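*Asks:* sharing a model that was predicted from the sequence below.
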Amino acid sequence: MKEAGQASVSVNVLGKVQVRGTVSNIDDFIKYCNEAEDNRRDETTFKDWINKANALVDLNVYYNNSSASSAQCKMLASAYRAYDGTRWEAAPALFFNDGTSYSFESFFDENTFRHVTDNFETLMEDFEDLFK
């Protein structure tokens with residue numbers, strides 16, 4: 001198995017939106033997300049693991065190359081009803097400075113941001129392939 005340490009991220013979307021930062025330990029981030037998934041029926045345990053994963057993430061969103069961050073990228077825990085009860089899932093989300101948060105899925109709707117959505121999905125698939 002490959003080991004991964006810190007990862008630095010720098011994405012620039014047409015000079016309008018930049019995402020920059022680090023994940024301090026990729027191996028632990030993946031481990032914590034997997035532990036959360038294994039506990040998706042237990043809200044408290046699930047959220048504890050997601051909080052541990054988020055503590056490793058320092059990714060910020062900037063507009064127009066500003067030096068001031070407008071939002072942070074972290075995992076957002078949310079509940080959904082399954083046939084056999086409530087389950088929890090985590091999704092990448094934007095946490096804005098005013099306290100609001102939106103999952104990538106709700107913020108980057110497919111009609112308005114189709115190209116961005118496609119590129120993000122490809123990026124995530126490529127990232128997952130690195131660790132298979």
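*Replies:* That came through, no problem.

*Asks:* and the residue nearest in space to the middle of the chain, what element?
*Replies:* In the chain, the centroid-proximal residue (C-alpha atoms, centre = their mean) is Pro92; its distance is 2.9 Å. Taking DSSP states H and E as the criterion, Pro92 maps to strand 85-96.

*Asks:* now do Arg20
*Replies:* Here Arg20 is assigned to strand 17-23, by DSSP H and E.

*Asks:* any idea which helix or strand comes after that strand?
*Replies:* Next along from strand 17-23, by DSSP H and E: helix 26-38.

*Asks:* how far off centre is that following helix?
*Replies:* What separates the centre of helix 26-38 from the centre of its chain is 12 Å, taken as C-alpha atoms, centre = their mean, to the nearest Å.

*Asks:* that helix: which residues count as buried?
*Replies:* Ile26, Asp28, Phe29, Tyr32, Cys33, Glu35, Ala36 (16 or more other C-beta atoms under 10 Å). (C-beta placed from N, C-alpha, C; glycine too.)

*Asks:* now do stretch 49-58
*Replies:* Trp49, Ile50, Lys52, Ala53, Asn54, Leu56, Val57.

*Asks:* list the contacts of that stretch.
*Replies:* By C-beta atoms under 8 Å, 6 or more residues apart in numbering, the surrounding residues in contact with stretch 49-58 are 21-25, 28-29, 32-33, 35-36, 39, 72-75, 77, 90.

*Asks:* sorry, back to before: average pLDDT across the strand holding Pro92?
*Replies:* In this model, strand 85-96 has an average pLDDT of 88.

*Asks:* so how far is it off the chain centroid?
*Replies:* On C-alpha atoms, centre = their mean, the centre of strand 85-96 falls 9 Å from that of its chain.

*Asks:* that's all I had, so thanks and see you.
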